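>>> A structural model of the following input is requested.
(one chain, ligands or ions: 1)
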Amino acid sequence: MRGVSDEYLQSGRIDGERADVSVVNESALVDALNAARTGEMTDIVETIQREQDEIIRSTHRGVLVVQGGPGTGKTAVALHRAAYLLYTHREILSRSGVLIIGPNDDFLRYIGQVLPSLGETGVLLSTIGDLFPDIHAAGRDTRAAASIKGDQRMLAVLRAAVRAQQSLPGPGVSVTFDGYDLAIDNEIVKTARAAARATRRAHNLAQRTFIRVALDELAAQHARTIGSSELDGSPLLTSADLDDIRHELELDDAVVRAVTAFWPQLTPQGVLRDLYADPAYLRKSTRGWTDADRETLYRPSAPRPADADLSPADVPLLDELAELVGYRTDEADRAERARWRQQLSEAQDALDILTGSAPQDLEDDLDPEILMAYDLIDAEQLAQRQEHSQYRTTAERAYTDRTWTFGHVIVDEAQELSSMAWRMVMRRIPNRWMTVIGDTAQTGDAAGSTSWSDVFTPYVANRWRLAELTINYRTPSEITDYANRLLPRISPDQKPPRSLRSNGIEPYAVQAEQGDGPRAAARLATSAQWPGLTTVITADASADDARDQISPIDPDLAVHAITSSKGLEFDNVIVLEPLDLVSGSPRGLSDLYVALTRATQRVIVIHEKGLPEDLEDLPAGP
Ligand SMILES: Nc1ncnc2c1ncn2[C@@H]1O[C@H](COP(=O)(O)OP(=O)(O)OP(=O)(O)O)[C@@H](O)[C@H]1O
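Numbers count the residues shown, from 1 in each chain. Have a look, this model is predicted:
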C-alpha cells in the first residue's frame, strides 16, 4: 500500500488533453505519480506506457539512444529494459552480464532496488569513477580540469607520457659485471628501444624484448672487451662462450636493473600521478599546450591512500593508460599466469632437491609437515591466486576484471560522459549492443556531450538509432511551464517535454536577507511540514556552506549540490540562489533546468540576489 494523501489524489490529475496522450491504466498511473517519494525508485511494471514499452522491448542490436526530457521515465525504462533483456537473452547475458553506468553513488543507491524487485541480480551497477578495478575515485576536479581531462587531446598526452618513460641514458652510465665496467650507452638503448617499439605491443609487454636486445648488445660489448686478441683484435671467444656470458648477464640482477631503468614496468596510477606532479614531465608530454592548461592539470603528489586524490575524470585516463602500458590486459594476464607456472615449477624443482631423499609414495597421503611447492611461493601471490577462484556471480567477476566485456551496456545520464569516458565504456562492449539514455538539454559536465551523433559516429558510423520519450511523468505542469522557458536557450531544437499532470501548486519565490538564504530555506521547510521528501538544491560550490547553516535548524533537511542531484527526484524542492547555479558553470542554465525538474509536487525558489531572467515573474511567496 502506498502512502498517498487524499489531498494529493484530489489535486493531482492527469492533464491528458494538455499532454495529448492516451494513457494506459490511468487510475494506477495517477496513484503511482502522486505517491510521496521514499528516496528509492520503484518499478513501473503495472503502469508502463506505450512509448516506454516500445523502447523496453526494442529488438535493435546496435546502439539505441533514448533521448527524453526530465521525468520522461528514461531511467525507469532503462532498468526495465535491463530486466527484459536479461530475461529474453538469458543464455548469453547471464554469462557475460549487463553493465549499467549511472552518474553518481546517490543515483545508484536510488535505483538499486528496482532490478532485485524485478528478480534480476546479474547486473553490475557502476559509476564511471568506479569502473577501474580497485579504484574508488573520490577526489574532485575543478570544472576546468574535468573538461581538459575529458577531452580527446589527452590521448596524445598519455601516449607521449608513456613514450617519455622509454628514456635514453646520459653520458657515462655503466654497470659492473665480472669486474669490468659495461657501458650502457645511447647506441645500446636505442637499438633495444627500436626493437621493443617494433613489436607494437603495450609498453610493459614489450619490456622483455627491450631487455633481451639490450643484454645481447651488452654481451657483445663484453666479449669485445675481454675476448679479443691483443695482437690483431680478432675474437678469441667461441659462440658457446658468448652464450655463457649472455646467460650470466641475464642472471645478474644489477645488470638487469640497470637496463630496465630505461624501459621500466609502469602502472597507470604511477604514470598519471607523475604526470600531474612533475612539471618537466607534464611539459614534455603536452607539446603545443598553453601554460594555463598545463597549470590546470598540475597537482603535487597526494598523500596515501593511493586513490584518495583520483577524481572520476581520472579513471578513463587510467583505463587508457592501462591499454598503453599493458596493465591487466588479457595478454598481461597470460604473461602473469606463465610467470606463475614458472615460479611453481622452480619451487617444485627446489622442493625436489630439498626432499630428494624422501619416499616418493606420499602423494595419496599428504603429511602436513611436508613442504609443498606452494610453501615456497610468496604468500601474497598465493592469496591473489585464491582470490581469483573465489568469484561468485558474473557481476562480481566483471567488477574485478578490467578487461571484462559485457553482453549489453546501459548508460544512464549519458550526456554527462566525456569523450575519454566513452572510449573506456566502448572497451567494455566490443559488440556495441547498448542502450544509451540521456537528455542533451541536461548536460552539466563541461566535457559532456550535446550531440548524440558526435558521440556515436566515430564508433558505429550511422548504425545507431534514436528513440524519444516525450511525456514528463514526474513534474506537474505548474513547474514545467517555468522550466521549459529555459529550453530555447539550452537546446533550441528540442521539443519541450509535456507534463502529464497538473496539481494546482504554483511555484513561488522568496527574497531572503543578505547571507540568510540557507537559514530561510530551513525555516520554511520546518514550518511548512510538506508531505514527502524535501531537499534544497544549490550550486556545487555553495553546498557545504548551505549544509552548515541548515543543519542546526533542521538536521533532517537534505541538501544536494546540483551535480549530485542528477537523476534523483523529491516531492518538494527548494532551489537556493538560482543565479549562482546559472553562473556556477558554463552549463549553468542546464543546471537550473535540472534543479527545477527534480520536483514531483512543488518548487520554491529562495534568493538573496536577483532572479534569472526566465524566473523573474515567479509570484512572491510569504
Ligand atoms: N509508466 C510509468 N508509471 C509510473 N511511474 C512512472 C512511469 N514512467 C515514469 N514514471 C515515474 O516518473 C518519474 C521519473 O522517471 P525517471 O526518473 O525514470 O525519469 P528520467 O527521464 O530518467 O528523468 P531525468 O532525466 O530527470 O533524470 C519516476 O518517479 C518514475 O517512477
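>>> Going by C-alpha atoms from here, please, whenever you check contacts or count neighbours.
Noted.
>>> In the stretch 501-622 of the chain, which residue sits nearest the ligand?
residue 567 (3.3 Å; Cα to the nearest ligand atom).
>>> in which helix or strand would I find that residue?
For residue 567, there is no helix or strand it lies in under DSSP states H and E.
>>> Quick one: low-confidence residue ranges for this structure.
Residue ranges of the chain with pLDDT under 70: 1-22, 228-235, 301-308, 329-393, 444-447.
>>> So which bits of it are right by the ligand?
29, 32-33, 42, 44, 47-49, 69-76, 473-474, 567 (Cα under 6 Å from any ligand atom).
>>> give me the number of residues near the residue of the stretch 501-622 of the chain closest to the ligand?
Using other Cα atoms under 10 Å, residue 567 is surrounded by 24 other residues.
>>> Tell me if residue 573 really is in a helix.
No. Going by DSSP: H, G, I helix; E, B strand; the rest coil, the assignment for residue 573 is strand, not a helix.
>>> How about the contacts made by it?
By Cα atoms under 8 Å, 6 or more residues apart in numbering, the residues touching residue 573 are 534-537, 595-596, 598-599, 602-604.
>>> Filter those down to the ones in helices?
595-596 (DSSP state H).
>>> Tell me the one among the contacts of residue 573 nearest to residue 512.
Ranked by distance to residue 512 (Cα to Cα), those are led by residue 604 at 12.3 Å.
>>> What about the closest one, how many residues nearby?
Around residue 604 there are 24 residues (other Cα under 10 Å).
>>> Skipping adjacent residues, who's closest to it in space?
Once flanking residues are discounted, residue 604 sits nearest to residue 574: 4.8 Å by Cα to Cα, 6 or more residues apart in numbering.
>>> Restricting to C-alpha, output stretch 262-274 in CSV.
Backbone C-alpha positions of stretch 262-274 (Å, rounded to 0.1, in the frame of the first residue of the first chain) are rendered in CSV as follows:
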residue,chain,number,x,y,z
PHE,A,262,65.4,2.8,-19.4
TRP,A,263,62.2,0.8,-20.0
PRO,A,264,60.7,0.3,-16.6
GLN,A,265,57.5,-1.6,-15.7
LEU,A,266,54.7,1.0,-15.4
THR,A,267,51.4,1.2,-13.7
PRO,A,268,48.6,3.6,-14.9
GLN,A,269,48.4,5.1,-11.5
GLY,A,270,52.1,5.8,-11.3
VAL,A,271,52.2,7.4,-14.8
LEU,A,272,49.2,9.6,-14.1
ARG,A,273,50.5,10.7,-10.7
ASP,A,274,54.0,11.6,-12.0
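>>> how about the residue of the stretch 501-622 of the chain closest to the ligand, what does it touch?
75, 103, 107, 413, 598.
>>> wait, which of the contacts of residue 573 is closest to residue 499?
For the contacts of residue 573, the nearest to residue 499 is residue 599 (12.2 Å; Cα to Cα).
>>> Surely the closest one touches residue 574?
No. If you go by Cα atoms under 8 Å, residue 599 and residue 574 don't touch, sitting 9.1 Å apart.
>>> before we move on, the earlier item: most neighbours, which of the contacts of residue 567?
residue 598 (26 neighbours).
>>> nearest spatial neighbour of that residue, skipping sequence neighbours?
residue 569 (4.6 Å).
>>> Contacts only, for that neighbour.
So residue 569 contacts 37, 39, 598-600 (Cα under 8 Å, 6+ apart).
>>> again, only using 7 Å
Residue 569 sits next to 598-600 when contact means Cα atoms under 7 Å, 6 or more residues apart in numbering.
>>> Run a quick neighbour tally on the closest residue to residue 512 other than its chain neighbours.
In this structure, residue 512 finds its nearest non-sequential neighbour in residue 608, 4.9 Å apart by Cα to Cα, 6+ apart. By the criterion of other Cα under 10 Å, residue 608 has 18 neighbours.
>>> Next one: residue 608 from residue 521, what distance?
Note on residue 608: its distance to residue 521, by Cα to Cα, to the nearest Å, is 11 Å.
>>> Pull up the overlap in contacts between the two.
By Cα under 7 Å, 6+ apart, no residue touches both residue 608 and residue 521.
>>> these two touch, right, residue 202 and residue 326?
Yes. At 4.8 Å, residue 202 counts as touching residue 326 under the criterion of Cα atoms under 7 Å.
>>> any common contacting residues for the two?
Between them, residue 202 and residue 326 share no contacting residue under Cα under 7 Å, 6+ apart.
>>> Same question for stretch 205-224: list its buried residues.
Residues of stretch 205-224 classed as buried: 205-207, 209-224 (neighbour count, 16 or more other Cα atoms under 10 Å).
>>> Just the ones of the residues of the chain next to the ligand in helices?
Counting by DSSP H, the part of the residues of the chain next to the ligand found in helices is 29, 32-33, 74-76.
>>> which residues sit against the helix or strand containing residue 547?
Per DSSP H and E, residue 547 falls inside helix 543-550. Under the contact criterion Cα under 7 Å, 6+ apart, helix 543-550 has outside partners 518-519, 522, 559-561.
>>> and these, which are buried?
518-519, 522, 559-561.
>>> Can you report how many residues lie near the residue of the stretch 201-350 of the chain found nearest the ligand?
In the stretch 201-350 of the chain, the residue that lies nearest the ligand is residue 312 (19.8 Å; Cα to the nearest ligand atom). Using other Cα under 10 Å, residue 312 has 25 neighbouring residues.
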